[in-house]
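1. here is the input, now give the coordinates:
(one chain, ligands or ions: 1)
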Amino acid sequence: MDMEMAGKVVAITGGASGIGAACAELFQSEGAQIVVIDRAATKTETQSDKTMVLAGDVGDEATVKAHVSQIIARYGRLDGLVTCAGFSTGTSVVNTSLEDWEAVLRTNLTGTFLWSREAAIAMKNSDGGSIVMIGSQLAFAGGRSNAAYLSSKGAVVSLARTLAVEHASDGIRVNVLVPGAIETPLLSRSFARSNDPAAAKARSIARHPIGRLGRSEEMARAALFLVSPISSFTTGSCLMADGGWLAG
Ligand code: NAI
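-> All right, here's what the predicted structure looks like:
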């Protein structure tokens, strides 16, 4: 099936690792022009690259505005955005310092706000576009020892719905992709924080009726559906790609 991605310019925050990196690879193979934004990026933009790479923090307003300006200067448009930049500290409410709380919210929520705001402005000035925010099954199921992370992911759903309603008439669609536990460096770090990482992994697998962890490539395919014009009547929605976690 032609996903109608040829020539589309898509920015992916957190695109240097895990789900974001898988999105970059898949979307590029579908003919899209990819822009990766990541604070772990080791290089800045080079004209020869097929992928434009922008190093920086999604939580910094001036950086986000400068990055979107660079994209528009180079390509003249922005058709898609997938906000994958995120992290967790893995602490309960009473054990979360204000510093950790603010750091997680700054990346996961403020970074998603800043990028989607600037992208919506750019998309409104051209032919509209599609924004995909990465949420979390835990924002719906609840969980423990992840207070700031869960709070940020719950708020992302409300942000997506708000933006979807405000810009539907501009041809901008906004949706949330809700993964289960996906085998990425983030998940490995999360298991490593446990007293018994192997047991934590086994418990996580058992939460998925499908009986295994998800793969980044599977999230990239779900994100491709949401970012592409194929999902043209889908906005303000949450797509569960969680191995059945929330149904189980
Ligand atoms: P990852 O750790 O493999 O990749 C995240 C990337 O975001 C990294 O390259 C990191 O450098 C970048 N990043 C983090 N903070 C940043 C900032 N302030 N500015 C710029 N870049 C920043 O993580 P993964 O697993 O691929 O996660 C991607 C998204 O999916 C995250 O939002 C995560 O919360 C979400 N998610 C992941 C799940 C999982 O089990 N792996 C489950 C549910 C949601």
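2. need the longest helix for the chain.
-> Taking residue count as the measure and DSSP state H as the definition, the longest helix of the chain comes out as helix 147-167.
3. strands of the chain, residue ranges please.
-> 9-13, 33-38, 52-55, 80-83, 129-134, 172-179, 238-241 (DSSP state E).
4. turn those strands into CSV, including mean pLDDT, distance to Val93 and mean neighbour count.
-> Just so you know, the C-beta spots here come from the backbone N, C-alpha and C atoms, and that holds for glycine as well. Formatted as CSV, those follow (pLDDT from 0 to 100; distance: least, C-beta to C-beta, whole Å; neighbours: other C-beta atoms under 10 Å):
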stretch, mean pLDDT, distance to Val93, mean neighbour count
strand 9-13, 98, 27, 28
strand 33-38, 97, 29, 24
strand 52-55, 96, 33, 20
strand 80-83, 99, 25, 30
strand 129-134, 99, 23, 28
strand 172-179, 99, 22, 26
strand 238-241, 98, 24, 19
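5. distance of the residue nearest to the spatial centre of the chain from Leu98?
-> Residue closest to the average C-alpha location in the chain (C-alpha atoms, centre = their mean): Cys84, at 2.5 Å. For Cys84, the distance to Leu98 (C-beta to C-beta, to the nearest Å) stands at 26 Å.
6. and Thr110, by the same measure?
-> As for Thr110, its distance to Leu98 is 15 Å (criterion: C-beta to C-beta).
7. of the two, who's got more company?
-> Per other C-beta atoms under 10 Å, whichever of Thr110 and Leu98 has more neighbours is Thr110, with 19 against 8.
8. residues contacting the more buried one?
-> Gly59 (C-beta atoms under 8 Å, 6 or more residues apart in numbering).
9. near the ligand, which residues of the chain are found?
-> Taking C-beta under 6 Å from any ligand atom as the contact definition, the chain meets the ligand at 14, 16-20, 38-40, 57-59, 84-87, 107, 111, 134, 136, 179, 181-182, 184-187.
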